[in-house]
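Engineer: Okay, structure incoming, though there's no sequence with it:
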């Protein structure tokens with residue numbers, strides 16, 4: 001499967017979706033036909049039935065039909081693959097028989113990222129798809145957040161991640177393409193979600209925060225009005241690297257920041273005389289102690305690590321922001337064949353098999369995670385901020 005094949009199968013407005021052809025192209029879709037769902041929310045049946053209904057609903061949606069071809073591709077692929085992780089996340093209560101698929105949205109975004117990366121789908125389009133999948137249920141519950149987040153906060157932050165109008169179209173199709181008692185109420189919530197985004201001026205564009213620092217702190221949960229600039233305490237200027245092993249991080253640092261101190265777990269291991277996989281905790285403490293020393297001095301430096309998952313990246317960023325650092329996050333990516341070829345040629349004990357296992361925690365940074373986020377993709381393009 002490659003990007004040209006995927007493109008050829010995406011229907012044009014007025015055409016129908018050929019489910020069997022998609023299952024042949026993406027075999028993982030076939031497992032949806034044997035995956036049950038909670039009848040309270042999906043009385044229509046298994047995930048395969050639901051997905052076909054969602055696709056039919058999307059193709060009949062006026063917003064999808066009138067969109068440009070690239071936007072139609074984003075919405076179609078997001079709808080096609082939005083529940084791809086349900087087979088692997090299904091849990092059935094042995095007592096009540098209740099069916100759940102906890103975490104399927106986040107897991108689905110990760111699985112689809114790896115799938116589309118291997119297929120050579122353009123970076124920006126792929127990430128637009130994955131970002132919708134990761135939050136495709138949010139419009140259902142934006143007015144009743146379990147985290148206590150306001151609808152305004154949810155909509156603003158989402159607008160810094162994706163096109164809210166595309167998310168709303170997929171969410172609407174997801175709700176129309178099912179049979180459930182609360183369908184009308186959820187459809188009303190999706191409509192209100194869209195109206196709020198329009199009122200805030202971020203229906204199809206990012207909400208204009210006062211500045212990058214204000215946006216960052218607001219997105220991280222600080223209780224402020226993001227329309228007014230937040231005072232920033234001066235701190236270190238830190239470049240945080242992010243990307244799979246062998247994606248070119250060391251080369252980038254050598255070319256763009258040759259004179260800056262570098263915090264690196266690999267360097268820490270070398271300094272401590274440790275081999276790969278040996279006493280990783282000690283190496284991590286060593287690297288963090290070096291970072292804290294530089295932060296106390298308010299010195300500029302580079303933090304060079306994979307930072308693949310939100311959790312691991314978050315630990316680094318939490319530390320940096322605790323010291324008032326100004327952060328530039330640089331994400332690098334190259335095609336699968338390049339990564340595997342480079343890794344084979346490197347002086348490392350990390351095998352390609354182990355490298356590919358890392359894809360299960362691969363989460364590309366969001367534009368609001370740092371004061372500036374740069375995406376350096378395999379096609380040589382550079383995008384600062386929001387990916388379209």
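Structural biologist: Arrived safely. In this text, all values refer to a predicted model and were calculated from it rather than measured experimentally.

Engineer: in the chain, what spans have low per-residue confidence?
Structural biologist: Along the chain, the parts satisfying pLDDT under 70 run over 268-270, 272-280, 379-388.

Engineer: Please parse it into its domains.
Structural biologist: 3-200, 237-384 (automatic domain parsing).

Engineer: could the ones you listed be laid out in TSV, adding mean neighbour count and distance to residue 216?
Structural biologist: Glycine gets a C-beta too; all of them are placed from N, C-alpha and C. Below are these laid out as TSV (neighbours: other CB atoms under 10 Å; distance: least, CB to CB, whole Å):
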stretch	mean neighbour count	distance to residue 216
domain 3-200	18	10
domain 237-384	17	6
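
Engineer: Straight-line length of stretch 328-336, end to end?
Structural biologist: The first and final residues of stretch 328-336 sit 25 Å from each other (CA to CA, to the nearest Å).

Engineer: Residues in contact with it: which ones?
Structural biologist: Outside stretch 328-336, the residues that touch it by CB atoms under 8 Å, 6 or more residues apart in numbering are 117-118, 120, 123, 237-244, 246-249, 252, 342, 364-365, 369-378.

Engineer: Likewise for stretch 191-211?
Structural biologist: Applying CB under 8 Å, 6+ apart, the contact partners of stretch 191-211 are 139, 142-143, 151-152, 155-156, 159-160, 163-165, 168, 171, 215, 218, 226-230, 385-386.

Engineer: for stretch 247-263, same thing?
Structural biologist: Residues outside stretch 247-263 that contact it (CB under 8 Å, 6+ apart) are 239, 241-243, 287, 290-291, 294, 299-304, 306, 330, 332-334, 339, 376.

Engineer: same check, this time on stretch 166-174
Structural biologist: The contact list for stretch 166-174 (CB under 8 Å, 6+ apart) reads 54-55, 57-58, 61, 63-64, 71, 74-75, 78-79, 82, 128, 132, 135-140, 158, 187, 190, 193-194, 197.

Engineer: from those, which ones fall inside helices?
Structural biologist: 54-55, 57-58, 63-64, 71, 74-75, 78-79, 128, 132, 138-140, 158, 187, 190, 193-194, 197 (DSSP state H).

Engineer: Would you format the domains of the chain as TSV with distance to residue 207 included?
Structural biologist: Formatted as TSV, the entries for the domains of the chain read as follows, by distance: least, CB to CB, whole Å:
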stretch	distance to residue 207
domain 3-200	4
domain 237-384	10
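
Engineer: Residue 232 touches residue 324, doesn't it?
Structural biologist: Yes - Residue 232 is within contact range of residue 324, at 7.2 Å (criterion: CB atoms under 8 Å).

Engineer: just to revisit the earlier point, where strands are concerned, which of the contacts of stretch 247-263 count?
Structural biologist: 239, 241, 242, 301, 302, 303, 304, 330, 332, 376 (DSSP state E).

Engineer: Serialize the residues you listed to a markdown table and add fields for distance to residue 90.
Structural biologist: Listed next are the ones in strands among the contacts of stretch 247-263 as a markdown table, based on distance: CB to CB, whole Å:
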| residue | distance to residue 90 |
| --- | --- |
| 239 | 41 |
| 241 | 37 |
| 242 | 32 |
| 301 | 45 |
| 302 | 43 |
| 303 | 38 |
| 304 | 39 |
| 330 | 38 |
| 332 | 35 |
| 376 | 37 |
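
Engineer: from the residues you listed, which single one is nearest residue 4?
Structural biologist: Minimum distance to residue 4 across the ones in strands among the contacts of stretch 247-263 is 24.1 Å, recorded for residue 376 (CB to CB).

Engineer: so what's the closest one up against?
Structural biologist: With contacts taken as CB under 8 Å, 6+ apart, residue 376 has the following neighbours: 248, 252, 330, 331, 332, 333, 382.

Engineer: try it again with 10 Å
Structural biologist: For residue 376, the residues meeting the contact criterion (CB atoms under 10 Å, 6 or more residues apart in numbering) are 123, 243, 247-249, 252, 330-334, 382-383.

Engineer: Quickly list what it is bridged to.
Structural biologist: The residues listed as beta-bridge partners of residue 376 by DSSP bridges are residue 332, residue 382.

Engineer: Filter the contacts of stretch 191-211 down to just the ones in helices.
Structural biologist: In helices, defined here by DSSP H, the members of the contacts of stretch 191-211 are 139, 151, 152, 155, 156, 159, 164, 165, 168, 171, 215, 218.

Engineer: Reformat those residues as TSV; add distance to residue 27.
Structural biologist: Rendered in TSV, the data for these read as follows (distance: CB to CB, whole Å):
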residue	distance to residue 27
139	30
151	39
152	42
155	37
156	39
159	35
164	32
165	32
168	30
171	27
215	41
218	42
